[in-house]
Each structure stands twice: as C-alpha cells, then as structure tokens.
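Visitor: need a 3D model of the sequence below.
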Amino acid sequence: MLPVKNFIDFIEKNALFNRDSNILAAVSGGMDSVVMVHLLKAVGYNFGIAHCNFQLRGDEALSDQQFVKDIAGKLGVPFYTINFDTKKYAAEKKISIQMAARELRYQWFAEVSQQSGYDVIALAHHQNDTIETILLNLTRGTGIAGLHGILPKNGSIVRPLMFLKRDDIQDIVKAENLQYVEDSSNSSAKYARNKIRLEVIPKLKELNPALEDTFEHNLKHFRGLEVLLEQRLGELKKSIFIFHGGDIHISIDEVKKLHPQFLLFYGLLQGYGFNESTVEDIISSLDKHSGRVFGSPAFMLLLDRDKLILAKRQALSNQSVSINKDQHEVKFNNYRLNILHDDSPLIIKDNPMSVSIDTDLLIYPLTVRYWREGDHFHPLGMKTRQKLSDFFVHQKVPLHEKSQIPLLVNGNEEIIWVGGYRPDERYKVTAKTKKVTIFGLFKL
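Guide: As a prediction, the model looks like this:
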C-alpha cells in the first residue's frame, strides 16, 4: 500500500509545496522516481513529468525515455523530454560526464519550470542518498554544511521522498507491483557515488545494521549545529561588520577575539568567496604590517592598520578620457565630471568634489585617468612635490581605493587635481587669476 499519509505529512511538515502547487517531477524511470509520481497521483497533486536522455547508453536510454513517456500517458499528465549531447558539453566545459549531466538537467528543469508555469521541481532522493552524499563529502573534505546531507527543500528544488529508505521503496514497488527500469550504470563501481553505495555502505552496515536510523539521528544534530552556527555568524556580522560606503570594515582586535577563530572567521568570509587556505593566510597575517591584500573571485580583503577592509573587485577601465576646451561634461567609469567656465575668480571651498582652477594655466586636451606608479604633484599648501603614493598614505587612503580615484591631468602631464582630495598648488586661483574653470565630480 502506498504510504500516502506519511507522504502528505512529510510534505506539509517541511513546507515543500501546497495542494494547489504545480509540480515538475524529474523522472528517470527508476524505482525511486516511479514511486514518487504514483504518490503524487494518489494524493491528487498537479504535476508534469520531465525526463532527460543524456545519450550515454544508446538503445537502453531510448527505451527508458519511451518508458517514462508511457508512464506520463497512463497517469494523464504532461510529459517533457530532451536529448543532450552530454559528452560534447563535458568536453567543451572541461568537466566530468557526471558534472555535465548535472548541469544540463538542472538548467533544463529550470527552463521548463519557467516556461510552463511550475512552482517546484521534485526529485526522488531518499534517505540512503543522503548517507551517500555525506560519506562522499567527507572523503572530499567538508564543513558543517556538508554534513547535513541532502535537504528536503533547497529553493525551488524539493525532495518529497526523504522520509523513505531504499528498502522502503523496494517494498512499495513489490507490494504495488510497480514497473520500473534499471539504469545499468548504477551497477558500475567506477563512479564514486556508486562505489560508496555498492562497496562502502554494505561494509558499514556489517558494523551497524541500523545504519540508516543512526544517520538520520545524527543528521538532526548536524542540522541543529548548522542552525546555531548560522545564528552566531548573523550576530557577529551585526556586531563586527561596519559598513563604510560600499566596503565592510572589520576590526582586527575583534577577529582576534573570535573563538573558535578559524571556524567563525571562515564562516564570515565564506559567503564572499574566500576559501579555507586564504582565510588561514589572513589569520596568520593579522599581526604583520598593513598593505597585504587577499582575494577571492569577486572580493578583495585588505589588511589596513587596525582593520580589515572587505571590498568588491572593481571592473574599471584603465583607459583615460580626454577633455577638449569646448566640453562641459565627460564620463569616466563611475564618475561624471562637469566643467564650468566662469569669468569671475570664484573659489570653491569646503567641497572636496569640486575645485576652482586658473583657466589660463590649462593646456588642452586635459585627461582624466587613474593613479600610475611614479605619479607626483604639489599638494595645495605645499611648495615641494610629493609622490602620489605617499600622499595616499598620509591621507590614510586604503590601498584598494587609491586605484579608483580619478585624477585630472593637464596637457603637460602635470596632475591638476586628485579628485575628491586635493588640487595642485601650482594651479590654484590667486589674485592674478582672470578666469576660473570649475570642475565638479559626481559619483554615478
């Protein structure tokens, strides 16, 4: 007899979907997915069936495809199928066949769901799949998240059979006389997951015949620990993350106080793409001189005196922008520079984003660009020149920001203005100035 009540209870307890939800059921034709669609039909849920042919098993794959199509016809539900050139995709992406198949099917499931109005995608994983996943994660290396196994719900992906063991599914198939197909590749131990299912788990069950129950008990503890860790990380982010514009400042003293330090600090940075080895390097550098930069694919973290600065990598153009004499506005990456010509010697004060320059000293075309190694100028109020890198240090400009500051450069290559900071002493408005050009920077 189909375990309809347990099925409904599990769905409702985990809020997988509602009675009026549209469900796209991923069906391979194996016993797990066959049991799932018969349960969906028995309860009366609205669902369609999706089947992927990865073209890896020749006629066997075609036979499976037809079998699943026949199931959809018998159950009277919509049927969707697709043939993938999995080997070609794997070669192009330079990934394994298994990874290629995974990427292809999930992308296609999402497309079908969006185009045909399905709310969730139902996969037929069960408790034994979770055990295999945990063991696989442990062999490859994992954090706490890798110990919670396969979750019943992850976004639009739901797994309504997670209350069943493999033995339970086999009993249902036998009792209900359900027809299914067996993927011959499942019996091959050349794949890591199959090796764990066929060779490792049977050995473990010799030590503990109630392995599934033990794992289910442990999973509750692992998931509870994960929740506690997430709560602690959330509290830490609120207390030690200081948002400064688009950056995040983290006190080094606060990082040193963390206990256990690596677990918590890695948890704080993991969401920004930093891996374990990089986090270890950051921790070992906390007492060293500032200026070191650590990176992830999308972020960079700068060791800056008494704090760490976490910032997005800037995809900024290194090209310069020319300004002709008749122009009144130019755009440079994330900035707009306005140019105003004034006959009166007006001096802009108390606004670092605007500056007044003696018009007669300008040599066109002017240029807007970023800092380059060796740049120097005469900061306003100083009679001697200073390297721009030293100026940034004195102004306590974080290392990652100095390459994002626009510079206004004269036609003779002299820096007129370090945008947002200081003009050059040589170009200031004086009593002898006849005309003034006002430059104003605006962040886009």
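Visitor: give me the secondary structure label for Arg105.
Guide: Of the three states, Arg105 takes helix under DSSP: H, G, I helix; E, B strand; the rest coil.
Visitor: so which helix or strand takes in the nearest residue to it once chain neighbours are set aside?
Guide: Spatial nearest neighbour of Arg105, excluding adjacent residues (Cβ to Cβ, 6 or more residues apart in numbering): Cys52 at 4.8 Å. C-beta here means a position set from N, CA and C on the backbone, and glycine is covered the same way. Assigned by DSSP states H and E, Cys52 belongs to strand 46-53.
Visitor: so what's the residue nearest to Arg105 bridging to?
Guide: Beta-bridge partners for Cys52, by DSSP bridges, are Ile82.
Visitor: report the buried residues of the longest helix along the chain.
Guide: Counting residues, the longest helix in the chain under DSSP state H turns out to be helix 211-240. Applying a neighbour-count criterion of 16 or more other Cβ atoms under 10 Å, one finds Leu211, Glu212, Phe215, Glu216, Leu219, Phe222, Leu229, Leu233, Leu236, Ile240 buried in helix 211-240.
Visitor: and it, what does it pack onto?
Guide: Applying 3 or more Cβ pairs under 8 Å, 6 or more residues apart in numbering; DSSP states H and E, we find helix 211-240 packed against helix 127-140, helix 201-207, helix 252-257, helix 261-270.
Visitor: now with 7 Å?
Guide: Counting contacts by 3 or more Cβ pairs under 7 Å, 6 or more residues apart in numbering; DSSP states H and E, helix 211-240 packs against helix 127-140, helix 201-207, helix 261-270.
Visitor: ok, residues contacting the strand holding Cys52?
Guide: If you take Cβ atoms under 7 Å, 6 or more residues apart in numbering as the criterion, strand 46-53 is touched by 21-27, 37, 40, 61, 65, 68, 71-72, 77-84, 105, 108-109, 112, 116, 118.
Visitor: how much space between the residue nearest to Arg105 and Ile309?
Guide: Applying Cβ to Cβ, to the nearest Å, the value for Cys52 to Ile309 is 46 Å.
Visitor: of the two, who's got more company?
Guide: Cys52 (24 against 21; other Cβ atoms under 10 Å).
Visitor: give me the three-state assignment for Tyr180.
Guide: Under three-state DSSP, Tyr180 comes out as coil.
Visitor: quick one, strands of the stretch 251-400 of the chain?
Guide: Remark: strands assigned in the stretch 251-400 of the chain by DSSP state E, counting those that start in this stretch are 293-295, 299-304, 307-312, 321-323, 329-332, 335-342, 354-358, 366-369, 376-377, 386-387.
Visitor: list the buried residues in the first one.
Guide: Which is strand 293-295. For strand 293-295, burial by neighbour count (16+ other Cβ under 10 Å) applies to Phe294.
Visitor: so what strands line up beside it?
Guide: Counting by DSSP bridges, the strands paired with strand 293-295 are strand 299-304 (antiparallel).
Visitor: quick one: find the helix or strand in this structure with the lowest mean pLDDT.
Guide: Across the helices and strands of the chain, mean confidence by mean pLDDT, DSSP states H and E is lowest for helix 399-402: a mean of 74.
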